[in-house]
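Enquirer: give me coordinates for this.
(one chain, ligands or ions: 1)
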Amino acid sequence: MSPVDVLIIGGGINGCGVARDAAGRGYSVILAEQSDLASGTSSWSTKLIHGGLRYLEHYEFRLVREALQERDVLWRMAPHIIWPLRFVMPHHKGLRPLWLLRLGLFLYDHLGGSGLPRTRTLDLVRDVAGQPLLPEFTKGFEYSDCWVMDSRLVVLNARDAADRGAEILTRTKVTALRRRNGVWSATLDHVATGQRRTVEARLVVNAAGPWVDAVLRGPLGRKAAPNVRLVQGSHIVVRRQYDHDRCYILQNADRRIIFSIPYENDYTLIGTTDRDYNGDPAAAKISDEEIDYLLDAANKYFAKPITRSDIVWTYSGVRPLFDDGASKAQEATRDYVLKVDGTQGEPKLVNIFGGKITTFRRLAESVMEKVEQALGARGPRWTAGSSLPGGDFPSTDFEGLVADLSTEYPGVSSPLVRRLARFYGTRARTILGSAETKNDLGRDFGAGLTEAEITYLVDQEWARTADDILWRRSKLGLEFREGGTAALDDFLRIASERPSVEVAR
Ligand code: FAD
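Expert: Next up, the predicted model:
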């Protein structure tokens, strides 16, 4: 078999973004992910497509400008899973002065990106956003950023890459990587079955996120690979704390900020922490100290105290930041760095260090420049004006999509139609098919998750276990009962024993 053009290690946002861009330009692509898609850092983010207001304090103007411009681009690409949010920043008299906040937000409004409402000043005594806060917070500002269903963004990139010819292999670990006869020879082990496959590739992209150095040390056999600094970030999910749909950005005395964000209808997401981490990235777990930190930070602002008993779920992830020698975890750059390994004539390895979900598409374009240098150009840049699967409707008209689907499927309840529109955009029609009532979608496993949706997730989105569906393709796990999870696992086991059926689009 002739070598594939590009082998990508890692099915997080960066690997899947590169796979999509490369496949769309006409390169042959294989992506290997050792677990499920988005099982690494890309599921554990704060889920913001944002410029990163606080990075202005670290003079990261290029990063902020690029990210703000990208916010508009990504919103247009996937308006079902990305949507605008308003952030309320109360002024804390003992912390950053008003003039500094005003200056930062002025820059934030003007550095790049123009599609969202601008900053406005808030009188927190009168505005409803002031109601949940302690009475000492009387002034504030409100600005825009976007929300993203992070793990769905990953899967949609993988889906589109596959639609354009890429081979996406999940539960497949790259265990050895050697240069041989002018190409890469990679050993791919299927984690569940133990099946082994050797793939030859003309170029390899190491998009293993927090494992990027482990890939250099393990499969590649390097003695030392000290490129990334692992920084743990944890979140708590508590019962919904207030009734409006705005978020809060809360300053802390240690100069960090935390967010409080309405989450999955009934909850509030609070995060994140920022602390150096040395263990296995897959084992990161919130500590008692982090829980206390987040509760303390929130309780300095909210009138109704939030306690441990309000916590319904927590999650923790590890940022793979490029090690720029910063002394504090919060000061290490959030920018990405690409390093090409390989001398003249050798097949190249492109290593990705750092990056944010927000900048994945731009990062993929930068990786493609390296691919073009090594393999020759194929197609032009194309992703900026494209849609991700299901995102082919106007970004400001999500309600129009919901209305159309409700008209087409009058027998399916409005909340379910809305949820399917959110998850799948225009591809919700593939799941709903010719259903006249919800019963036509098959068995309901709980929280409106029907057989029709599960079949779609298995056939189109590489879902294999209950966890894949309940915590990565969705967050329905928050609503699910134990018995439902076991029934879902049984159903998936049986589904995995039948040949994959391509659902018509
Ligand atoms: P990952 O998502 O970790 O993907 C790497 C993949 O490689 C993994 O799935 C892993 O299983 C796989 N892998 C590893 N080794 C192998 C191997 N040998 N073979 C096959 N597969 C392998 N960014 C934002 O833009 N907005 C935010 O709000 C935001 N908030 C964040 C909050 C926290 C707490 C954290 C931790 C990060 C946040 N980020 C945010 C940053 C963002 O989440 C990450 O930069 C991004 O997800 C990294 O993606 P990745 O593809 O590089 O890594």
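Enquirer: show me where pLDDT drops low in the chain?
Expert: 498-505 (pLDDT under 70).
Enquirer: tell me which residue of it is furthest from the middle?
Expert: In terms of distance from the mean C-alpha position of the chain, Asn181 ranks first, at 37.5 Å (Cα atoms, centre = their mean).
Enquirer: ok, it to the ligand distance?
Expert: 23 Å (Cβ to the nearest ligand atom, to the nearest Å). C-betas here are computed from N, CA, C, even on glycine.
Enquirer: likewise for Val367?
Expert: 11 Å.
Enquirer: repeat that for Ile30.
Expert: 11 Å.
Enquirer: list the beta-bridge partners for that residue.
Expert: Taking DSSP bridges as the rule, Ile30 bridges to Leu7, Glu167.
Enquirer: how about Ala201?
Expert: Val4, Trp184.
Enquirer: what sits against it?
Expert: Counting by Cβ atoms under 8 Å, 6 or more residues apart in numbering, Ala201 touches 3-7, 30, 183-184, 186, 347.
Enquirer: closest one of those to the ligand?
Expert: The ligand lies nearest to Ala186 out of those, by Cβ to the nearest ligand atom, at 9.4 Å.
Enquirer: in terms of contact, does Asp21 touch Glu365 like I think?
Expert: Yes: Asp21 is within contact range of Glu365, at 6.6 Å (criterion: Cβ atoms under 8 Å).
Enquirer: give me the more crowded residue out of the two.
Expert: Asp21 (28 against 16; other Cβ atoms under 10 Å).
Enquirer: how about that one, nearest residue that isn't a chain neighbour?
Expert: Excluding the flanking residues, the one nearest Asp21 by Cβ to Cβ, 6 or more residues apart in numbering is Ala364, at 4.2 Å.
Enquirer: run a quick neighbour tally on the one you found.
Expert: 28.
Enquirer: same question, Asp274
Expert: By other Cβ under 10 Å, neighbour count at Asp274 equals 21.
Enquirer: any residues in contact with both of Asp21 and Glu365?
Expert: Thr383.
Enquirer: just the strands from the stretch 1-150 of the chain, written as ranges.
Expert: 4-9, 29-32, 48-49, 82-90, 120-123, 139-148 (DSSP state E, counting those that start in this stretch).
Enquirer: output the ones you listed in CSV, with mean neighbour count appended to each entry.
Expert: Compiled in CSV, the strands of the stretch 1-150 of the chain are given as follows (neighbours: other Cβ atoms under 10 Å):
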stretch, mean neighbour count
strand 4-9, 26
strand 29-32, 26
strand 48-49, 25
strand 82-90, 20
strand 120-123, 14
strand 139-148, 21
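Enquirer: closest one to Asp310 among those?
Expert: Closest to Asp310 of the strands of the stretch 1-150 of the chain, according to Cβ to Cβ: strand 82-90, at 20.3 Å.
Enquirer: isn't Ile352 up against Val204?
Expert: No: counting by Cβ under 8 Å, Ile352 does not reach Val204; the two are 11.3 Å apart.
Enquirer: and this protein, which residues reach the ligand?
Expert: Taking Cβ under 6 Å from any ligand atom as the measure of proximity, the chain contacts the ligand at 9-15, 32-35, 39-42, 44-48, 173-174, 207-211, 215, 219, 233, 272, 317-320, 355-358.
Enquirer: which ones among those residues map onto helices?
Expert: Here DSSP state H is the test, and the residues of the chain next to the ligand give 13-15, 215 as lying in helices.
Enquirer: which of those residues lies closest to the ligand?
Expert: Asn14 (3.6 Å).
Enquirer: how many neighbours does the closest one have?
Expert: With other Cβ under 10 Å as criterion, Asn14 counts 33.
Enquirer: for it, which non-adjacent residue is closest in space?
Expert: Ala207 (4.4 Å).
Enquirer: now do the contacts for the one you found.
Expert: Per Cβ under 8 Å, 6+ apart, neighbours of Ala207: 8-10, 12, 14-15, 18, 352.
Enquirer: re the thing from before, closest to Pro305 out of the ones in helices among the residues of the chain next to the ligand?
Expert: Ile13 (35.7 Å).
Enquirer: from Ala22, how far out is that closest one?
Expert: According to Cβ to Cβ, to the nearest Å, Ile13 stands 15 Å off from Ala22.
Enquirer: these two: which has the busier surroundings?
Expert: Neighbours were counted for Ile13 and for Ala22 using other Cβ under 10 Å; Ile13 has more, 33 against 29.
Enquirer: spatially nearest residue to Tyr409 (excluding sequence neighbours)?
Expert: Closest to Tyr409 by Cβ to Cβ, 6+ apart is Leu432, at 5.3 Å.
Enquirer: surely the one you found and Leu405 touch.
Expert: Yes: if you go by Cβ under 8 Å, Leu432 and Leu405 touch, sitting 7.3 Å apart.
Enquirer: more neighbours, the two?
Expert: Ranked by neighbour count (other Cβ under 10 Å), Leu432 and Leu405 place Leu432 first, with 24 against 21.
Enquirer: so what's that one up against?
Expert: By Cβ under 8 Å, 6+ apart, the neighbours of Leu432 are 405, 408-409, 412, 417, 420, 441, 452.
Enquirer: contacting residues for the residue nearest the centre of the chain?
Expert: The geometric centre of the chain, computed from its C-alpha atoms, lies nearest to Asp150 (Cα atoms, centre = their mean), at 2.5 Å. Counting by Cβ under 8 Å, 6+ apart, Asp150 makes contact with 13, 38, 42-43, 45, 47, 357.
Enquirer: same check on Gly115?
Expert: Going by Cβ under 8 Å, 6+ apart, Gly115 touches 71-72, 75, 395.
Enquirer: would CSV of those with neighbour count be doable?
Expert: Shown next, in CSV, are those (neighbours: other Cβ under 10 Å):
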residue, neighbour count
Arg71, 26
Asp72, 17
Trp75, 23
Ser395, 19
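Enquirer: now the two most distant members of the residues you listed.
Expert: Most distant of the contacts of Gly115, by Cβ to Cβ, are Arg71 and Ser395, 11.1 Å apart.
Enquirer: the spatially closest residue to Gly379 that is not a sequence neighbour and the ligand: what is the separation?
Expert: Among residues not flanking Gly379 along the chain, Arg25 sits closest, at 3.6 Å (Cβ to Cβ, 6+ apart). As judged by Cβ to the nearest ligand atom, Arg25 and the ligand stand 20 Å apart.
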